[in-house]
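**Student:** Sequence below, structure please.
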Amino acid sequence: MKARASAGILAAVLLAAAALLSFRWVSSPPGGGREVLFPVPRGWGAGRIAGALQDSGLVRWSTFALWRAERTGVADRFQAGTYLLDSSMPLDTILMRIAEGRVVPVPTHWVTLPEGLTLPQSLQTLSASLGIPLDSLEQAAGDSSLLALTGAPGLEGYLFPETYEFADSLGAREVLTSIVDTGLRRWEPAWDPALERMGLSRRQAVVLASIVEREARVDSERPAIAGVFLLRLSAGMRLESCATVQFALGEVRERLSYADLRIDSPYNTYRHGGLPPGPICSPGTASLAAVADPDTTAGYLYFVSREDGSGTHLFARDLAGHLANIRTARSHAVH
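**Tutor:** Numbering: from 1, shown residues only. Next comes the predicted model:
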């Protein structure tokens, strides 16, 4: 009996010692003195932060880090930002830094994506401004989880025109995700019922807005140009947008030839009815708003550039008026 009792006591002591050693191991820093710039994006909870700390080699076990954060009462106090942490820091020190928001300045770059850029143009602009290799951006642009945000087969039309500030530490996927997210946040909920009344889905609205973006030059005309295209669609007419032909050609030409207008492409709206299969550029808020609230009161079905340098257009209700406007525009053209 004594031997059995002694064995039980010894086992208990060994288990306690093992538990103590395990506790000391998981609670001790990984060591090595390796400095890490640790970003905490907005919206991250304690569990995700604990997992990222383990992935970054700053803590030994994320479950213990989360338990410790809850135990010390800081789990709901974590703040977004970038932190300079060290793999030799005690766990509680790391948790307290993030809870107190002791962020460090991070080098950033600014980049502007103007309205009307195609996807390749946007990626080239991002690469030149942020120093991210173009092939990395092109690969990230095809990421299935990123495309799932848009519900579209590609990012054409969804890199929202805006001026952005990005930390140097961000990679291609993080940058593109942020830009797509910005566009999704800028979408006005009031547009949805208006589009539904017109029988347009969000994707169709983005496609049409991209055409308006490339055709319009002044904001005041965007609703009228959107109205022309919507009335042509409802009347079963082809859009006959020069901008879609230019997209099919892969370049902007001052004047399109008859051969250009015959190019065999689903984006050639002179040959194919309805909307093209996808956006032709990234539209801005003004063009999206114009599609959601078009001006159809005048019944215009045609428009042509004045060609006088003003960027404005002449509108007509019928072909005869359109042909007259073309003659007027050419007589006043600035060469």
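
**Student:** Model confidence for residue 15, exactly?
**Tutor:** Turning to residue 15, the model gives it a pLDDT of 50.

**Student:** ok, now residue 35?
**Tutor:** 86.

**Student:** How many residues are close by the residue lying closest to it once chain neighbours are set aside?
**Tutor:** Take residue 35 and drop its neighbours on the chain: the residue closest to it by Cβ to Cβ, 6 or more residues apart in numbering is residue 86, 5.5 Å away. C-beta coordinates here come from the backbone N, C-alpha and C atoms, glycine included. Neighbourhood size, residue 86 [other Cβ atoms under 10 Å]: 18.

**Student:** Then residue 72?
**Tutor:** 14.

**Student:** Surely residue 104 is in contact with residue 37?
**Tutor:** Yes: using Cβ atoms under 8 Å, residue 104 is in contact with residue 37, at 7.5 Å.

**Student:** returning to what we had before: give me phi/psi at the residue nearest to residue 35?
**Tutor:** Per-residue torsions, residue 86: phi -140, psi 140 (degrees, to the nearest 10).

**Student:** tell me, what's touching residue 104 and residue 37 both at once?
**Tutor:** Common neighbours of residue 104 and residue 37, using Cβ atoms under 8 Å, 6 or more residues apart in numbering, are 82-84.

**Student:** most surrounded residue in those?
**Tutor:** Busiest of these [other Cβ under 10 Å] is residue 83, holding 19 neighbours.

**Student:** give me the element it is part of.
**Tutor:** strand 81-86 (DSSP states H and E).

**Student:** Tell me the helices and strands packed up against that strand.
**Tutor:** Packing partners of strand 81-86 (3 or more Cβ pairs under 8 Å, 6 or more residues apart in numbering; DSSP states H and E): strand 35-40, helix 91-100.

**Student:** What is the burial count for residue 95?
**Tutor:** Neighbours around residue 95, by other Cβ under 10 Å: 26.

**Student:** nope, residue 110 is what I was after
**Tutor:** Using other Cβ under 10 Å: residue 110 sits among 10 other residues.

**Student:** Quick check: it is in a strand.
**Tutor:** Yes: assessed with DSSP: H, G, I helix; E, B strand; the rest coil, residue 110 lies in a strand.

**Student:** For it, which non-adjacent residue is spatially closest?
**Tutor:** residue 165 (5.3 Å).

**Student:** Provide the count of other residues in contact range of the one you found.
**Tutor:** Other residues close to residue 165 by other Cβ under 10 Å number 8.

**Student:** Residue 154 too?
**Tutor:** 13.

**Student:** so who does it touch?
**Tutor:** Residue 154 touches 119, 141-142, 147, 278, counting by Cβ under 8 Å, 6+ apart.

**Student:** hang on, the earlier thing: surely the residue nearest to residue 35 touches residue 33?
**Tutor:** Yes: at 6.3 Å, residue 86 counts as touching residue 33 under the criterion of Cβ under 8 Å.

**Student:** And what about residue 333, helix, strand or coil?
**Tutor:** coil.

**Student:** Would you list the phi and psi of the residue nearest to it when sequence neighbours are not counted?
**Tutor:** Counting by Cβ to Cβ, 6+ apart, residue 307 is the residue found nearest to residue 333 once chain neighbours are left out, at 3.9 Å. The phi and psi torsions at residue 307 (degrees, to the nearest 10) take the values phi 60, psi 30.

**Student:** swap in residue 50?
**Tutor:** phi -60, psi -40.

**Student:** How many residues are close by it?
**Tutor:** 25.

**Student:** ditto for the one 5 residues further on
**Tutor:** Burial measure for residue 55: 10 neighbouring residues, criterion other Cβ under 10 Å.

**Student:** Contact partners for it?
**Tutor:** If you count contacts by Cβ under 8 Å, 6+ apart, then residue 55 has nothing around it.

**Student:** I'd like the distance between it and residue 30.
**Tutor:** 12 Å (Cβ to Cβ, to the nearest Å).

**Student:** Common neighbours of the two, please.
**Tutor:** Common neighbours of residue 55 and residue 30 (Cβ under 8 Å, 6+ apart) do not exist.

**Student:** per-residue confidence averaged over stretch 50-60?
**Tutor:** 92.

**Student:** Could you tell me which residues within that stretch count as buried?
**Tutor:** 50-54, 56, 58-60 (16 or more other Cβ atoms under 10 Å).

**Student:** Kindly report the same for stretch 245-260.
**Tutor:** Quick answer for stretch 245-260 (16+ other Cβ under 10 Å): 245-248, 260.

**Student:** what does stretch 175-188 give?
**Tutor:** 175-177, 179-180, 183, 187.

**Student:** Neighbouring strands of the strand or helix carrying residue 303 in the sheet, and parallel or not?
**Tutor:** Here residue 303, judged by DSSP H and E, is contained in strand 302-305. Strand pairing for strand 302-305, determined by DSSP bridges: strand 313-316 (antiparallel).
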